[in-house]
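Novice: any chance you can model this:
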Amino acid sequence: MFRKQDALLLVITYATMLLGILLPELAAPFKTVPMACVMFLLFLSFLAVDLGQVFRCARNAPLDTLRLLTVKCLLLPVAAFALYHYCWPDYRLAALLVAGASTAVLAPFFARLFQADVGLTAAVVILSSLLMPFTLPPLVSGLVGQYLQVGVGAMIQMLALMVFVPALAGRACIRWLPRPADWLLQRSYPLSLLAVALTNLGVFSRYSHYFLHNAALALEAMAAGTLLVTVVLLAGPLLFRGTKPEFRATALVCTLFPNYILILAFSAQFFGPAEATFAATYSVPFFLQVLVLRKVIGDPTAPVKGAAD
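Specialist: Down below sits the predicted model:
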């Protein structure tokens, strides 16, 4: 069932996207904040999730976690590349990059929204971030025949900044600053919405000129991104059929929300306009799937026939 908080998220998301495109001068001060905002979102998540709990979640279900990481880091990007290679070849590299990205730092926020396992989601964010420097470059090289110019060291450094700094800061805040941590936890949803809004203002004001003067190409890239979201929405329930409801919800959140902000940063520097535009416009279907995801996930507290105990 569609909820009030879902509607609020979508209204704020698309209003700030439009504001960034139409009034880029007003949103210009936020061009440098997207990375800081996504780090803040993960920081909020780790105020509520202990690092020990995160890794216990993965250790307690090793086969499920391995299955999820295999789908996220290998199967999904290969399938995305194959689909676009035949259906939309101009975006085959872009789809491979986005599909092969680590799980977004926004994922724990969505896990709370859809009653998934926040601890396991946070574990997948960390584990997929550790794996990405060693899975994505070989996939790009093997499938596209193009060397990923981003060095493994640079990729690890950026992922460490985005993931491990806010994770450790969140736990440090809980330990040494309990009162501010409690204040932040009580206001985590509005603060998360603010971070999403500022991220959109920063991203879309940066690409405003391109959207306004290349509207047809921007809309085409948006449609290409929507195809990827649609395919994962359709395939996800089949890939994780027969698993426990909470794990299925967690798996869908982890696979449907890639770290497109990271790919946007790489694409703008190392790839062409098709890859950068695909990553920039991916935020439109990225949030649009909220409209249907609750229906696809269902009620994680309800038992599933045939699910393993």
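Novice: which phi and psi values does the closest residue to residue 118 other than its chain neighbours adopt?
Specialist: What sits nearest to residue 118 in space, not counting adjacent residues and going by CB to CB, 6 or more residues apart in numbering, is residue 111, at 4.6 Å. Every residue, glycine included, has its C-beta placed from N, CA and C. The phi/psi pair for residue 111 (degrees, to the nearest 10) reads phi -60, psi -40.
Novice: which residues touch residue 111?
Specialist: Counting by CB atoms under 8 Å, 6 or more residues apart in numbering, residue 111 makes contact with 117, 118, 121, 122, 249, 250, 253.
Novice: run a quick neighbour tally on the first one.
Specialist: Residue 117: 22 surrounding residues under other CB atoms under 10 Å.
Novice: my guess is it contacts residue 57, does it?
Specialist: Yes. Residue 117 is within contact range of residue 57, at 6.4 Å (criterion: CB atoms under 8 Å).
Novice: overlap in contacts, those two.
Specialist: Common neighbours of residue 117 and residue 57, counting by CB under 8 Å, 6+ apart, are absent.
Novice: quick one: contacts of the helix or strand of the chain with the lowest mean pLDDT?
Specialist: Between all helices and strands in the chain, the lowest mean by mean pLDDT, DSSP states H and E belongs to helix 152-159, at a mean of 76. Helix 152-159 is contacted from outside by 102, 129, 130, 132, 133, 134, 136, 137, 262, 265, using CB under 8 Å, 6+ apart.
Novice: which SSE is the third one in?
Specialist: Using DSSP states H and E, residue 130 maps to helix 118-144.
Novice: chain center to that helix, what's the gap?
Specialist: Chain-centre distance of helix 118-144: 12 Å, with CA atoms, centre = their mean, to the nearest Å.
Novice: thinking again about what came up before, list the buried residues for the next helix-or-strand element following the least confident helix or strand of the chain?
Specialist: Toward the C-terminal end, the helix or strand that comes next after helix 152-159 (DSSP H and E) is helix 165-176. Applying a neighbour-count criterion of 16 or more other CB atoms under 10 Å, one finds 166, 167, 169, 170, 171, 173, 174 buried in helix 165-176.
Novice: got the contact list for helix 165-176?
Specialist: Against helix 165-176 from outside (CB under 8 Å, 6+ apart): 39-40, 42-47, 49-51, 105, 122, 126, 180-181, 184.
Novice: let's see 6 Å
Specialist: Helix 165-176 is contacted by residues 39, 42, 43, 46, 47, 51, 181 when judged by CB atoms under 6 Å, 6 or more residues apart in numbering.
Novice: what packs against the helix or strand just after that helix?
Specialist: Tracing the chain C-terminally past helix 165-176 and defining elements by DSSP H and E, one meets helix 178-186 next. On a contact count with 3 or more CB pairs under 6 Å, 6 or more residues apart in numbering; DSSP states H and E, helix 178-186 meets helix 34-48.
Novice: can you give the contact residues for the helix it packs on?
Specialist: With contact meaning CB under 6 Å, 6+ apart, helix 34-48 is reached by 105-106, 108-109, 162, 166-167, 169-171, 174, 181, 184-185, 188, 192, 195, 198-199, 202-203, 261.
Novice: now do stretch 281-299
Specialist: For stretch 281-299, contacts defined as CB under 6 Å, 6+ apart pick out 6, 13, 98, 114, 218, 221-222, 225-226, 229, 249, 252, 260.
Novice: could you list the low-pLDDT ranges of this structure?
Specialist: Low-confidence segments of the chain (pLDDT under 70): 1-2, 146-152, 268-269, 299-309.
Novice: name the residues of the helix holding residue 130 that are buried.
Specialist: Using 16+ other CB under 10 Å as the test for burial, helix 118-144 gives 118-133, 135-137, 139-140, 143.
Novice: now it against helix 165-176, angle please.
Specialist: With axes from the mean of the first three to the mean of the last three CA atoms, to 10 degrees applied, the angle from helix 118-144 to helix 165-176 works out at 170 degrees.
Novice: now residue 275: which helix or strand?
Specialist: Counting by DSSP H and E, residue 275 is part of helix 273-281.
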